[in-house]
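Chemist: Structure for this input, please:
(4 chains)
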Protein chains: 2
Amino acid sequence: MRLVVARCSARYTGRLTAHLPLATRLLVVKADGSVLLHSDGGSYKPLNWMSPPCTMSAAEPDEESAARGVTAVWTVQHQKSDDRLEIDLYDVVHDSDHDLGVDPGLVKDGVEAHLQELLAAQIELLGTGHSLVRREYMTAIGPVDILARDADGGTVAVEIKRRGEIDGVEQLTRYLELLNRDPLLSPVRGVFAAQEIKPQARVLAGDRGIDCLVLDYDAMRGVDDPDSRLF
Amino acid sequence: MRLVVARCSARYTGRLTAHLPLATRLLVVKADGSVLLHSDGGSYKPLNWMSPPCTMSAAEPDEESAARGVTAVWTVQHQKSDDRLEIDLYDVVHDSDHDLGVDPGLVKDGVEAHLQELLAAQIELLGTGHSLVRREYMTAIGPVDILARDADGGTVAVEIKRRGEIDGVEQLTRYLELLNRDPLLSPVRGVFAAQEIKPQARVLAGDRGIDCLVLDYDAMRGVDDPDSRLF
DNA sequence: ATGTAGATGTCGGGA
DNA sequence: TCCCGACGTCTACAT
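Modeler: This next block holds a predicted model:
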């Protein structure tokens, strides 16, 4: 990812035609060639941008542009359409490059969050004698949904999904690997809990010594939700 | 505008609950306090963000977090709702601050509107003997871009787009259906005019008995625009 | 302030 | 791949 802060102007042609007058802005060039042009306010939407797949090429300004003070011209061309973004750079205030690597991406906890609450409140669904240690137990690679103790005092890490698939088992495996390095917690047992667990995920979990727990959302709500107990 | 590149994890609670596992990302803090969290790919949408009005406060990590390697905790709180974004920063790779000033903002060049003006002024591009009835001819379902008469006195409805795609043909079809119910106008012929017409749209138009007209914007401006006639 | 339609919408899922 | 619907939609404009 390349970060440039510069006085610049820009033109965009594609679904519409538009231009940006001269001002100081942040230019972000991502690893996939996409470009964002941000001002110091507004929302998360850039003033102007080019989505991937696209290619960015920097060129010397022509004589006329150079005379106006342009130091570089960036052309960002979309690869599948004729969308094109041209940026004239004037004074460059900042220019740096960073290797960010791949991003695991956002994890949305919608129904998942509710399942987590319910299971935390009904922790004995894990087995008689279980007790809750903590929800969203923080680790360096993200929060473990539920940490609990079983009847024998052993630690249990629970990963909760709406639909239990292979990647959820992988996630729990990573957590277990990390948690088991902590002598205060080890040995940590894993429980993969979901409303529905795919056969492949169940097989993989079994292979990893991870228990599977199918959660009955409605039944759990029925126990916990006052609205469902009115009768 | 503050730019930080750092390994970080984040949690968002508000309309939904979500979290970002540990990874290296770009953090942008804008002058209005809004915060963007970008990965090195994807489109212009950040992985996570907080829109203004909001306040960002940085704090020391608690003991437990510090033990995990957290060097700072940012809390971004929306001012009108209980939306909240919490960011744990680990290794900070880059941190810089820049004064960008106010931005004049994006100027959209209404090419479609301009094309309509130009075609109205050069209505014979539809064919010899055509005359303009009206621009923005109002109907119950919206304005028809141009209504004209051909050499034989027949009515012609023109839909103008910069890029001619299927939905434009559908739109014109709806207008034609409506206009053809009017005995004073019927039969009404349709013309789909655009700078560029996609093959699918051309096929659909043909199927509906709608003529296609490719507009040469530069040539039309050359005829009409005094700035281009100076020589 | 509030509701509604458009967006360079973006993004994900299913056929 | 295209099509369709949801979105932390956002945004401007109308009332």
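Chemist: Domains of chain A: list them as residue ranges, please.
Modeler: A:2-97, A:111-229 (automatic domain parsing).
Chemist: Least confident of the ones you listed, on average?
Modeler: Mean pLDDT is lowest for domain A:111-229 among the domains of chain A, at a mean of 83.
Chemist: quick one: is that one near chain B?
Modeler: Yes: under the criterion of C-beta under 8 Å from any C-beta of the partner chain, chain B is reached by domain A:111-229 at A:Ala113, A:Met138, A:Thr139, A:Ala140, A:Ile141, A:Gly142, A:Pro143. (Each C-beta comes from the backbone N, C-alpha and C, glycine too.)
Chemist: For PyMOL, what selects the buried ones among those residues?
Modeler: Buried members of those, defined by 16 or more other C-beta atoms under 10 Å in any protein chain shown, are picked up in PyMOL with:
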select buried, chain A and resi 113+138+139+141+142+143
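Chemist: can you list the residues of domain A:111-229 next to chain B in JSON lines and add secondary structure?
Modeler: Shown next, in JSON lines, are the residues of domain A:111-229 next to chain B (DSSP: H, G, I helix; E, B strand; the rest coil):
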{"residue": "A:Ala113", "secondary structure": "helix"}
{"residue": "A:Met138", "secondary structure": "strand"}
{"residue": "A:Thr139", "secondary structure": "strand"}
{"residue": "A:Ala140", "secondary structure": "coil"}
{"residue": "A:Ile141", "secondary structure": "coil"}
{"residue": "A:Gly142", "secondary structure": "strand"}
{"residue": "A:Pro143", "secondary structure": "strand"}
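Chemist: could the residues of domain A:111-229 next to chain B go into JSON lines alongside distance to DNA strand C?
Modeler: Formatted as JSON lines, the residues of domain A:111-229 next to chain B follow (distance: C-beta to the nearest atom of the strand, whole Å):
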{"residue": "A:Ala113", "distance to DNA strand C": "17"}
{"residue": "A:Met138", "distance to DNA strand C": "24"}
{"residue": "A:Thr139", "distance to DNA strand C": "23"}
{"residue": "A:Ala140", "distance to DNA strand C": "23"}
{"residue": "A:Ile141", "distance to DNA strand C": "20"}
{"residue": "A:Gly142", "distance to DNA strand C": "17"}
{"residue": "A:Pro143", "distance to DNA strand C": "20"}
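Chemist: on that earlier part again, compare the domains of chain A and give me the one nearest B:Arg25.
Modeler: With respect to B:Arg25, and counting by C-beta to C-beta, the nearest of the domains of chain A is domain A:2-97 at 11.6 Å.
Chemist: can you pull out the strands in chain A?
Modeler: A:2-13, A:17-29, A:35-38, A:48-50, A:54-59, A:72-78, A:84-97, A:107-109, A:131-139, A:142-149, A:155-164, A:188-197, A:211-214 (DSSP state E).
Chemist: Determine the set of other helices and strands touching the helix ranked longest in chain A.
Modeler: Counting residues, the longest helix found in chain A (DSSP state H) is helix A:166-179. Identification of packing neighbours for helix A:166-179 by 3 or more C-beta pairs under 8 Å, 6 or more residues apart in numbering or on different chains; DSSP states H and E yields strand A:131-139, strand A:142-149, strand A:155-164, strand A:188-197, helix A:199-207.
Chemist: now do 6 Å
Modeler: Counting contacts by 3 or more C-beta pairs under 6 Å, 6 or more residues apart in numbering or on different chains; DSSP states H and E, helix A:166-179 packs against strand A:155-164, strand A:188-197, helix A:199-207.
Chemist: What's the end-to-end length of stretch A:176-189?
Modeler: Start-to-end span of stretch A:176-189 (C-alpha to C-alpha, to the nearest Å) is 7 Å.
Chemist: Name the residues of that stretch that are buried.
Modeler: For stretch A:176-189, a neighbour-count test (16+ other C-beta under 10 Å) marks A:Leu176, A:Leu178, A:Leu179, A:Asn180, A:Leu185, A:Val188, A:Arg189 as buried.
Chemist: And the furthest pair within the residues of domain A:111-229 next to chain B?
Modeler: For the residues of domain A:111-229 next to chain B, the maximum inter-member distance is 21.5 Å, found between A:Ala113 and A:Ala140 (C-beta to C-beta).
Chemist: Quick check: A:Leu89 vs A:Leu26, distance?
Modeler: Relative to A:Leu26, A:Leu89 is positioned 12 Å away (C-beta to C-beta, to the nearest Å).
Chemist: So the two - more neighbours on which side?
Modeler: Counted by other C-beta atoms under 10 Å in any protein chain shown, A:Leu89 and A:Leu26 do not tie: A:Leu26 has more neighbours, with 26 against 22.
Chemist: so how far is A:Met56 from the closest residue to the more buried one other than its chain neighbours?
Modeler: Closest residue to A:Leu26 apart from its sequence neighbours, by C-beta to C-beta, 6 or more residues apart in numbering or on different chains: A:His38 at 4.3 Å. For A:His38, the distance to A:Met56 (C-beta to C-beta) stands at 16 Å.
Chemist: Looking only at neighbour counts, state which of these two leads.
Modeler: Using other C-beta under 10 Å as the criterion, A:His38 and A:Met56 rank with A:His38 on top: 25 against 19.
Chemist: Tell me which residues touch the residue in chain A that DNA strand D sits nearest to, please.
Modeler: With C-beta to the nearest atom of the strand, the shortest gap between chain A and DNA strand D falls at A:Ser43, namely 3.1 Å. Going by C-beta atoms under 6 Å, 6 or more residues apart in numbering or on different chains, A:Ser43 touches B:Ser51.
Chemist: Got the phi and psi for it?
Modeler: Main-chain dihedrals, A:Ser43, degrees, to the nearest 10: phi -100, psi -160.
Chemist: One more: A:Pro53?
Modeler: Main-chain torsions, A:Pro53, degrees, to the nearest 10: phi -80, psi 130.
Chemist: For the nearest residue to it once chain neighbours are set aside, the count of nearby residues, please.
Modeler: Distance criterion C-beta to C-beta, 6+ apart; nearest residue to A:Pro53, sequence neighbours excluded, is A:Gln79 at 4.4 Å. Using other C-beta under 10 Å, A:Gln79 has 10 neighbouring residues.
Chemist: go on, A:Ile166?
Modeler: 14.
Chemist: what do you get for A:Thr17?
Modeler: The number of residues packed near A:Thr17 is 17, by other C-beta under 10 Å.
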